[in-house]
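K.L.:
Pasting the sequence and the predicted coordinates here, then a few questions.
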Amino acid sequence: MKSFTRNNPYFSLCGLNCKLCSMHLSGHCGGCGFGNQPCPITRCSLEHGKPEYCFRCPEYPCEKYANIDEFDSFITHRNQKADLEKIQRIGEEAYNAEQAEKRRILDRLLAEYNDGRKKALFCLAVNLLPLEDLRTLFEDSDPEIPVKDRAKQMEKRLKKRSSVDLKLRKKKQ
């Protein structure tokens, strides 16, 4: 939406982590207010005085959030409400610092462990796993083995550390 602008490139209006999104990484989405997305939540924000985040709207949580985290799009929606609560609790600066660190971890995963088939997995894992778990991902990794083997090892390591399924949940047609 052309008349909608945002200041935070890390965290969307509705609670998605933009800089950890595969669409953002490949240049297909600039995030709400940084591109030209016809998002209904962006439209709603314009109608409600342009709050920076939905939780700052007097009507939050509204019916738009009733089932928002049941299915994923190209990015996981599982932590959307929890992340909105977290940014309220710890503040935007601290939340952005965590997201910047997660992005550095994601960049390293993509640069050193991606065999060309792991981008979605890495984006999902970095979104869902706690920062404490992500900080230890690279311990005992061997940079000398072929990238295909490193990718397999990292996939096993991520799945072992995760208590959630590391697959996007698609809405059944």
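P.N.:
Sure thing, it's come through. These figures come from a predicted structure and were not determined experimentally.

K.L.:
Could you name whichever residue is most remote from the centre of the chain?
P.N.:
For the chain, the C-alpha farthest from the mean C-alpha position belongs to residue 144; by C-alpha atoms, centre = their mean, that distance is 30.0 Å.

K.L.:
Doesn't that one belong to a helix?
P.N.:
No. Counting by DSSP: H, G, I helix; E, B strand; the rest coil, residue 144 is not part of a helix but coil.

K.L.:
Next, give phi and psi for it.
P.N.:
phi -80, psi -20 (degrees, to the nearest 10).

K.L.:
again with residue 54
P.N.:
Backbone torsions for residue 54, taken as degrees, to the nearest 10, come to phi -60, psi -40.

K.L.:
how much space between the residue lying closest to residue 24 once chain neighbours are set aside and residue 144?
P.N.:
Counting by C-beta to C-beta, 6 or more residues apart in numbering, residue 24 lies nearest to residue 18, which is 5.3 Å off, once chain neighbours are set aside. Every C-beta, even on glycine, is put in place using the N, C-alpha and C of the backbone. Distance, residue 18 to residue 144, using C-beta to C-beta, to the nearest Å: 35 Å.

K.L.:
one step back: tell me the pLDDT of the residue farthest from the centre of the chain.
P.N.:
If you check residue 144, the pLDDT there is 88.

K.L.:
which ones are touching the closest residue to residue 162 other than its chain neighbours?
P.N.:
Nearest residue to residue 162 in three dimensions, chain neighbours excluded: residue 129, at 6.0 Å (C-beta to C-beta, 6+ apart). Contacts for residue 129 were tallied using C-beta atoms under 8 Å, 6 or more residues apart in numbering; they are 158, 161-162.

K.L.:
how distant is the longest helix along the chain from the center of its chain?
P.N.:
Counting by DSSP state H, the longest helix found in the chain is helix 92-113. Averaging C-alpha positions (C-alpha atoms, centre = their mean, to the nearest Å) puts helix 92-113 10 Å from its chain's average.

K.L.:
low-scoring stretches of this structure, by residue?
P.N.:
For the chain, applying pLDDT under 70 flags the ranges 1-3, 30-31, 33-38, 173.

K.L.:
could you pull out the helices for it?
P.N.:
22-25, 40-47, 80-90, 92-113, 119-128, 131-135, 147-161.

K.L.:
Residue 139: how many residues sit nearby?
P.N.:
Close neighbours of residue 139, defined as other C-beta atoms under 10 Å, add up to 7.
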